[in-house]
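Asker: Build me a model:
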Amino acid sequence: MPGHPLIRYRVALLSAVSAVPATGATQFRVDLVPYAGLYLPTTTLMQGGVLKQKASPALGSRITVWLLGRVGIEGTMSYAPSNLTTTDATDYYPGPHSAHLITRTAKLVVRVNPAGDMVFQAGGGVGRVGYRGAAYCGGAAPCDPYLRADVMTFPSKIVTAGAAFRPRRSVALRVDAEDYLFSASFSCRNGGHSPGVCFSGTP
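Answerer: I've put the predicted structure just below:
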């Protein structure tokens, strides 16, 4: 495949925080929460191409183990029910357009100020971004051999920043922005012309 496009997108997250404190000699806290957010693709899928994922809601769950007060180890899983779109209205793309993303991450998060009504945090880590749906399977199930299923998930670097605050004494909210940076190369046969992202043959 010629070229590996550099993919980048951002996700804004809002979650309610519930703490499960641990007991024993080693004190730590576990936050296990669902969250909702917004998936914002910032580039096209292909170098010089016009196909792009649509912005969409994102839903997921997060578990954070806080150690030493300000340092946390965090894992997330999320789903964005996005679709494909074209950036050029004159470009012909026959479909299918159904395409969603599944992400899994592992991060180190550090609080930058002491605990209080407003706490800021930043961190980074690694993850995997999976492209799924008919657009990545040639419109068939199981995936058409024009697009091989084993190259639909890619490793990613992640940078995150956010804040947690308490609008009420019994309620805590957390807002985050996550930036994903990774390279993707979809494996299509020479010539392409199958349904989906392999239609052009050169994703």
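Asker: any idea which helix or strand carries the residue nearest the centre of the chain?
Answerer: Closest to where the C-alpha atoms of the chain average out (Cα atoms, centre = their mean) is T103, at 4.5 Å. Secondary-structure assignment from DSSP states H and E places T103 in strand 100-111.
Asker: Sheet-wise, list the partners of that strand with their directions.
Answerer: Neighbouring strands of strand 100-111 in its sheet, by DSSP bridges, are strand 71-80 (antiparallel), strand 118-132 (antiparallel).
Asker: For the residue nearest to the centre of the chain, which residues are in contact?
Answerer: Neighbouring residues of T103 by Cβ atoms under 8 Å, 6 or more residues apart in numbering: G60, T76, M77, S78, A80, G127, R128, V129, G130, S156, Y180. Backbone N, C-alpha and C define where each C-beta goes, glycine included.
Asker: Same question for F120.
Answerer: R111, V112, N113, A161, G162, A163.
Asker: Identify the bridge partners of it.
Answerer: Assessed by DSSP bridges, F120 has beta-bridge partners A163.
Asker: and after the helix or strand bottoming out on mean pLDDT in the chain, which helix or strand comes next?
Answerer: Of all the helices and strands that make up the chain, strand 19-21 has the lowest average by mean pLDDT, DSSP states H and E, namely a mean of 47. As assigned by DSSP H and E, the chain's next helix or strand after strand 19-21 is strand 29-41.
Asker: Per-residue pLDDT of the residue nearest to the centre of the chain, please?
Answerer: T103 is assigned a pLDDT of 94 by the prediction.
Asker: same check, this time on the one 4 residues further on
Answerer: In this model, K107 is scored at 96, pLDDT.
Asker: what bridges to the residue nearest to the centre of the chain?
Answerer: The residues paired with T103 through beta bridges, assigned by DSSP bridges, are S78, V129.
Asker: mind checking how far it is from K52?
Answerer: With distances taken as Cβ to Cβ, to the nearest Å, T103 is found 17 Å from K52.
Asker: Kindly report the same for E178.
Answerer: As judged by Cβ to Cβ, E178 and K52 stand 19 Å apart.
Asker: Comparing these two, which shows the higher neighbour count?
Answerer: With neighbours defined as other Cβ atoms under 10 Å, E178 and K52 compare such that E178 has more, 26 against 17.
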